[in-house]
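Visitor: quick one: sequence and predicted model below, then my questions.
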Amino acid sequence: MRGILDKLISPSQNAFVLGRSIGDNILLAQELFSGYNQRYLPPRCALKVDLWKAYDTVEWDFLRAVLTHFGFPDQFILWIIECVTMPSYSVCLNGSPHGFFRGARGLRQGDPMSPYLFVLVMELFQLGFADDLLLFSMADTSSVLVFKHALTAFADLSGLHANLHKSHLILSRSAAPLRDELLATLDFQEGHLPLRYLGLPLLGVPVNYCRLPTDPSRLRSVSANFCGRVLLKVDMLKYLGNKFVGQSVGGLGIRDIHALNKGLMSRHLWRIIMADRSSIWVDWIIHYRLRESSVWTISDRTGTCGWRKLVRLREWLRPIIFYPIGDGTSFSLWHDPWHKQGPLILQFPLGPRHTAISDSALLCTVIRDGGWNWPSITDMESIDITHSLPSIHAGNDCILWKGPRGFFSSSAAYAVFAPTGPKVG
């Protein structure tokens, strides 16, 4: 079952599906909440739905119907249902187990098969991870009622009910006049950004603008804990000094946490460069953030805080990413770094006007019969660029990581950002 989930489950569901990452859910949710509280936008709302005792309340009849819907063989479904329904349970009283009884619904926690069955049950929803759901809509009564009726119908069929005490309705600033009406319609708690999703905060504003606790006692507690941690660690940091470097340059070989974080973040940048369409977050970035631009030339001053930090890593990675040119149908003429000087639009800003070649043109526009076919240019900077063109090889374009295998690796990315020093010994 594990090996075929990626063919059955929609790209918006990344929990327990081989080859997908929970990080995509977090990154996409962060994007969807970007600028959420801007006044000029239409009223919007989001539902963060926490399911009550999710694994324990799945109805077995619904599970059987879901497996049938996905086309699993009858014999296979019978085996699955037998595995789910056969176990007996006992109650521990005063340290001793008493009696055995059969369950009537639910999936067992700790059973390696349960996560995959639960993902199939939850396929109905978008942006769901386990029992944590995010649903988005316009902030009006009719839209909220659609969600309410859908959640009620789903609960009646599956046994999975929303926990009203832990589920939240997050309203944009422009939806404030509708607050009381929408909360009364849905019976959820009111939520505010930043809100935790999958253990991480979802921010509607940059981190430095996030609200501090308003309760004086809480504020004193937070500041005291922070100061205590800083004072405790300062001596340790002084001692470690330059030990966060490789053993070959006199360090202890301990990985620098900042360099490690940048190396791991670089994987997301690599996936965008490679246009990994199996990722719903990458697909969103390509269609919404980049559009006809490139990650190499887009401004690093707009977008979410995480997106800006990600884009700023590109200059570190550019020297170790190679663009071998084939037919030129995959690379942007002006925005991709196929030239040794980098993206041409940065070196030759008036290039589209001087050459009468569109800013969105592909590289194949200036390739003919396996060779270069540039228009006549008199500008000296442009002439210098055209005199240092890379060679063209037969076949398709490709993007390679300058390493033994030609593919991204976290260790190679870490080496780009890691502190260095003169070799010893």
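Guide: Thanks, I have the structure now. The model shown is predicted, which means the values in this text are computed figures rather than measured ones.
Visitor: which residue packs closest to D50, ignoring adjacent ones?
Guide: Of all residues not flanking D50 in the chain, K166 sits nearest, at 3.9 Å (CB to CB, 6 or more residues apart in numbering). Backbone N, C-alpha and C define where each C-beta goes, glycine included.
Visitor: dihedrals phi and psi, that neighbour?
Guide: phi -110, psi 0 (degrees, to the nearest 10).
Visitor: that one against A54, yeah?
Guide: No. K166 is not in contact with A54 according to CB atoms under 8 Å; the separation is 11.5 Å.
Visitor: returning to what we had before: and the residue nearest to D50, what pLDDT?
Guide: Turning to K166, the model gives it a pLDDT of 90.
Visitor: next one: it from M86, what distance?
Guide: For K166, the distance to M86 equals 32 Å [CB to CB, to the nearest Å].
Visitor: how about L195?
Guide: Distance from L195 to M86, by CB to CB: 40 Å.
Visitor: higher neighbour count, these two?
Guide: Taking other CB atoms under 10 Å, L195 and M86 do not tie; L195 has more neighbours (17 against 9).
Visitor: need phi/psi at that one.
Guide: The phi/psi pair for L195 (degrees, to the nearest 10) is phi -130, psi 140.
Visitor: which residue packs closest to it, ignoring adjacent ones?
Guide: L202 (5.1 Å).
Visitor: just the element for H258, please.
Guide: helix 257-273 (DSSP states H and E).
Visitor: remind me what that helix packs against, helices and strands.
Guide: Counting contacts by 3 or more CB pairs under 8 Å, 6 or more residues apart in numbering; DSSP states H and E, helix 257-273 is packed against helix 305-311, helix 314-317, helix 410-417.
Visitor: adding mean neighbour count, write these out as CSV.
Guide: Compiled in CSV, the helices and strands packed on helix 257-273 are given as follows (neighbours: other CB atoms under 10 Å):
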stretch, mean neighbour count
helix 305-311, 17
helix 314-317, 16
helix 410-417, 16
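Visitor: worst average pLDDT in the ones you listed?
Guide: Minimum mean pLDDT among the helices and strands packed on helix 257-273: helix 410-417, a mean of 85.
Visitor: got the CA positions of it in CSV?
Guide: Coordinates of each C-alpha in helix 410-417 appear next as CSV, following Å, rounded to 0.1, in the frame of the first residue of the first chain:
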residue,chain,number,x,y,z
SER,A,410,22.5,18.2,1.7
SER,A,411,26.2,17.5,2.5
ALA,A,412,27.4,19.3,-0.6
ALA,A,413,25.1,22.3,0.2
TYR,A,414,26.4,22.4,3.7
ALA,A,415,29.9,22.6,2.4
VAL,A,416,29.0,25.8,0.6
PHE,A,417,27.9,27.6,3.7
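Visitor: part of a helix, is D397?
Guide: No. Checked against DSSP: H, G, I helix; E, B strand; the rest coil, D397 lies outside a helix; its state is coil.
Visitor: tell me the contacts of it?
Guide: Y323, P324, I325, G326, D327, G328, T329, S330, F331, L363 (CB atoms under 8 Å, 6 or more residues apart in numbering).
Visitor: the second one: how many residues sit nearby?
Guide: What that stands for is P324. P324 has 17 nearby residues by other CB under 10 Å.
Visitor: confidence score at the closest residue to it other than its chain neighbours?
Guide: Sequence neighbours aside, C398 is the residue nearest to P324 in space, at 5.5 Å (criterion: CB to CB, 6+ apart). Listed pLDDT for C398 reads 92.
Visitor: ok, C398 touching I325?
Guide: No. Between C398 and I325 there is no contact under CB under 8 Å: 9.1 Å.
Visitor: more neighbours, those two?
Guide: I325 (22 against 15).
Visitor: sort out which of the contacts of D397 are buried, if you could.
Guide: Those of the contacts of D397 that meet the buried threshold are Y323, P324, I325, G326, D327, G328, S330, F331, L363, by 16 or more other CB atoms under 10 Å.
Visitor: redo those as a markdown table? Include distance to S12.
Guide: Shown next, in a markdown table, are these (distance: CB to CB, whole Å):
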| residue | distance to S12 |
| --- | --- |
| Y323 | 31 |
| P324 | 34 |
| I325 | 35 |
| G326 | 33 |
| D327 | 33 |
| G328 | 34 |
| S330 | 27 |
| F331 | 29 |
| L363 | 33 |
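Visitor: closest to P112 among these?
Guide: S330 (40.6 Å; CB to CB).
Visitor: so who does that closest one touch?
Guide: So S330 contacts L362, L363, N396, D397 (CB under 8 Å, 6+ apart).
Visitor: what's the following helix or strand after the helix or strand bottoming out on mean pLDDT in the chain?
Guide: Using mean pLDDT, DSSP states H and E, strand 128-129 stands out as the lowest-scoring helix or strand of the chain, at a mean of 54. Sequence order places strand 132-138 as the next helix or strand after strand 128-129, per DSSP H and E.
Visitor: any residues touching stretch 289-304, and which ones?
Guide: Under CB under 8 Å, 6+ apart, the answer for stretch 289-304 is 30-31, 34, 203, 269, 272-273, 285, 307-308, 311-312, 314, 318, 332, 334-337, 342-343, 345-346, 359-360.
Visitor: which of the residues you listed are buried?
Guide: Judged by 16+ other CB under 10 Å, buried ones among the contacts of stretch 289-304: 30-31, 34, 203, 269, 272-273, 285, 307, 311, 314, 332, 334-337, 342-343, 345.
Visitor: contact partners for S88?
Guide: With CB under 8 Å, 6+ apart, S88 has these contacts: F100, F101, R102.
Visitor: can you give me the pLDDT of it?
Guide: For S88, the predicted pLDDT is 83.
Visitor: what does the one 5 residues further on give?
Guide: Per-residue confidence (pLDDT) for L93: 86.
Visitor: could you measure it against T386, distance?
Guide: 85 Å.
Visitor: where are the low-confidence patches of the stretch 1-150 of the chain?
Guide: 124-131 (pLDDT under 70).
Visitor: show me where it has its strands.
Guide: 44-50, 88-93, 96-102, 128-129, 132-138 (DSSP state E, counting those that start in this stretch).
Visitor: and these as CSV, adding distance to S391?
Guide: Shown next, in CSV, are those (distance: least, CB to CB, whole Å):
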stretch, distance to S391
strand 44-50, 51
strand 88-93, 70
strand 96-102, 72
strand 128-129, 46
strand 132-138, 48
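Visitor: R108 is nearest to which of these?
Guide: strand 88-93 (9.4 Å).
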